[in-house]
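[1] The sequence isn't on hand, but the structure is:
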Ligand SMILES: [Ca+2]
Ligand SMILES: [Ca+2]
């Protein structure tokens, strides 16, 4: 009996889908340090803030950002009410599935697409549209809901951090109201812990009922140098752990690094064409307009002690088994 | 022994500083409804969002907003570096303690004061200045730190809601970075649950170190119709309980009311000149530029079932005993 009691019950192994490589070790060592009251690097639970990029860090961003797939579907849905789109870019390109022509429309075209598909409706209407879309849309390659194209090792990481009293946040260039309808179910992250790009919104009374109308204007872009700004504005604390996958996360990781205590910075590197995708252009992989990981980011990671996660070598599994 | 076990241990009485009047009863009834799984009004813990205005709802806002007292002190501190302020409004008025002349400078003057006292420094510098100020500044009438000029019954309400698995947020017209240094210690509300007015902020590298510079520009005003916008942007869920004290909270309470389930809306009415202050102009009390409670808000409260808290009649105590 005494022997039984003295053997601690073994908890389900954390980070089970991670190989026993340096990346996993870095996570476990960091968590040990900040949760050990006798360590000089101890951090009180209320300051254990971890921020996660979404596209390419928590879920797949190829062959295009999920939100872009949503916008394209919205264009197709709305096209009958807009006969002019047949000849008008970038809508014509979307309807003809011509990604190159969409790209050629540049930032101006992208904003036009967002305005046409994401605004002019109330926040409640938009939430319902997004929720419906997630129910039916499927990833073209993996043939499963986009909400099941997230990375199992990263879900385990989120859970592991929360089990160690971290508060986990998403800090994404994606639309905040595009993500919020799914973050709780998919990542266990509640709406109030999602930071993202916002649309200008206006309070109005309509038929005696208050509404929030989404205006045809982008309010805040939560990407690159916008990420530390968004973190400061929404969270008001500097994260001690930050996770990203592209040049859009550089400033967030720099901001995380600049605190006084220990911090963990990691970048997911997509080097697994077989199980997911491979793109850089760092390390000689093909370039990509979605989630670009340039060589100078790879160099900065090396110099700064940011851990680069190789999807190929560090992860046993990419996706969770498909749900029924 | 059996008798002892069967008698439940009596918990410390909630809302002990509230008189047994309709306001206290409304709170307890509402909490009972939304936490009772057998009730049709049951709300899952993750959706138990409560939003609190700060000035005049959680702490004193007379003889002027605390943040204004801070700005005035900053003008005095910075005055030696700005000899021109001796003749330039609104600074001259501040240095001469001439509140009427400050008021006469209008919104333009207020913005000039904020820009001069709140911007042109980093977020870290501003946080340090605010933290220091709270340590030494004293309320002119109550002769105690501003951080001890909060209302004990409201602290009990915050605690009572949190004990019932509510998440409590501040949603204030005050500056978000002015409040955050004190909200955890004073209200038990962490920085990431504070919504407020924001200053435009820019990420920069300075001497190889990332900083966030506070620019001379107000980014977002979290007041009146801005409150539902701020709630939607920062929290992303509609509150089921909202607490305010002035015309600045009208739209927040309307937004809270418009949900599908039960909701609690309350307004603190300052009718206690003896223990705190009395102002309206509702119910014939004197008008006030800080925390104006107009008669049409009182009428709307009555029509809409918003509970008006009389500080005089509903609260046994206003402030907690002074700390040593
Ligand atoms: Ca990304
Ligand atoms: Ca107020």
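    Sure, I can see it. Owing to the predicted nature of the structure, the values given are computational and were not obtained by experimental measurement. Ligands and ions are numbered 1, 2, ... in the order given.
[2] Near residue A:139, how many other residues are there?
    Per other CB atoms under 10 Å in any protein chain shown, the neighbour tally for residue A:139 reads 18. For glycine as for every other residue, the C-beta is placed from the backbone atoms N, C-alpha and C.
[3] OK, contacts around the residue nearest to it when sequence neighbours are not counted?
    Excluding the flanking residues, the one nearest residue A:139 by CB to CB, 6 or more residues apart in numbering or on different chains is residue A:149, at 5.1 Å. Applying CB atoms under 8 Å, 6 or more residues apart in numbering or on different chains to residue A:149 gives the contacts A:59, A:60, A:66, A:139, A:142, A:319.
[4] and those residues, which two are the farthest apart?
    Within the contacts of residue A:149, A:66 and A:319 form the most distant pair, 14.3 Å apart (CB to CB).
[5] With neighbour numbers in mind, choose between these two.
    The neighbour count for residue A:66 versus residue A:319, taken as other CB under 10 Å, is higher for residue A:66 (24 against 19).
[6] Contact partners for the closest residue in space to that one that isn't next to it in sequence?
    Among residues not flanking residue A:66 along the chain, residue A:146 sits closest, at 4.8 Å (CB to CB, 6+ apart). Residue A:146 sits next to A:59, A:60, A:66, A:69, A:134, A:137, A:138, A:139 when contact means CB under 8 Å, 6+ apart.
[7] Same check on residue A:304?
    Contacts of residue A:304 by CB under 8 Å, 6+ apart are A:253, A:257, A:265.
[8] if we can go back for a sec, just the pLDDT for the residue nearest to residue A:66.
    Confidence at residue A:146, expressed as pLDDT, is 98.
[9] Residue A:103 now?
    pLDDT, residue A:103: 87.
[10] Next: residue A:324.
    For residue A:324, pLDDT reads 66.
[11] next one: residue A:10
    47.
[12] swap in residue A:255?
    98.
[13] Now it: closest residue in space that isn't a chain neighbour?
    Per CB to CB, 6+ apart, closest to residue A:255 is residue A:228, 3.9 Å.
[14] count of residues packed around that neighbour?
    Neighbours around residue A:228, by other CB under 10 Å: 30.
[15] Report the separation between the closest residue to residue A:279 other than its chain neighbours and ligand 2.
    Spatial nearest neighbour of residue A:279, excluding adjacent residues (CB to CB, 6+ apart): residue A:288 at 3.8 Å. Going from residue A:288 to ligand 2 by CB to the ion, to the nearest Å gives 50 Å.
[16] Check whether residue A:288 sits in a helix, strand or coil.
    Three-state assignment for residue A:288 (DSSP: H, G, I helix; E, B strand; the rest coil): coil.
[17] What of residue A:153?
    Going by three-state DSSP: residue A:153 is helix.
[18] give the contact list for it.
    Counted by CB under 8 Å, 6+ apart, residue A:153 has contacts A:15, A:17, A:18, A:314, A:315, A:316, A:317, A:318.
[19] List only buried entries from the residues you listed.
    A:15, A:17, A:18, A:314, A:315, A:318 (16 or more other CB atoms under 10 Å in any protein chain shown).
[20] re the thing from before, might one say that the residue nearest to residue A:279 is in contact with residue A:65?
    No - applying CB atoms under 8 Å, one finds residue A:288 not in contact with residue A:65, separated by 11.1 Å.
[21] Poorly predicted segments of the stretch 51-200 of chain A, please.
    Within the stretch 51-200 of chain A, the set of residues satisfying pLDDT under 70 is empty.
[22] on that earlier part again, tell me which of the contacts of residue A:304 is nearest to ligand 1?
    Nearest to ligand 1, judged by CB to the ion, of these is residue A:253 at 11.9 Å.
[23] From the contact counts, what lies against the strand or helix carrying the closest one?
    In this assignment (DSSP states H and E), residue A:253 forms part of helix A:250-257. Helix A:250-257 sits against helix A:226-234, strand A:241-244, strand A:264-269, helix A:295-304, strand B:194-206, strand B:209-220, with contacts defined as 3 or more CB pairs under 8 Å, 6 or more residues apart in numbering or on different chains; DSSP states H and E.
[24] Next, the buried residues of stretch A:178-194.
    Buried, per 16+ other CB under 10 Å, within stretch A:178-194: A:178-183, A:186-187, A:189-194.
[25] Okay, and which of these map to strands?
    residue A:194 (DSSP state E).
[26] ok, the buried residues of stretch A:178-194 vs ligand 2, which is closest?
    residue A:192 (21.8 Å).
[27] so who does the residue nearest to that closest one when sequence neighbours are not counted touch?
    Ranked by CB to CB, 6+ apart and with sequence neighbours excluded, the top spatial neighbour of residue A:192 is residue B:235, at 4.7 Å. Applying CB under 8 Å, 6+ apart, we find residue B:235 in contact with A:191, A:192, B:49, B:51, B:169, B:195.
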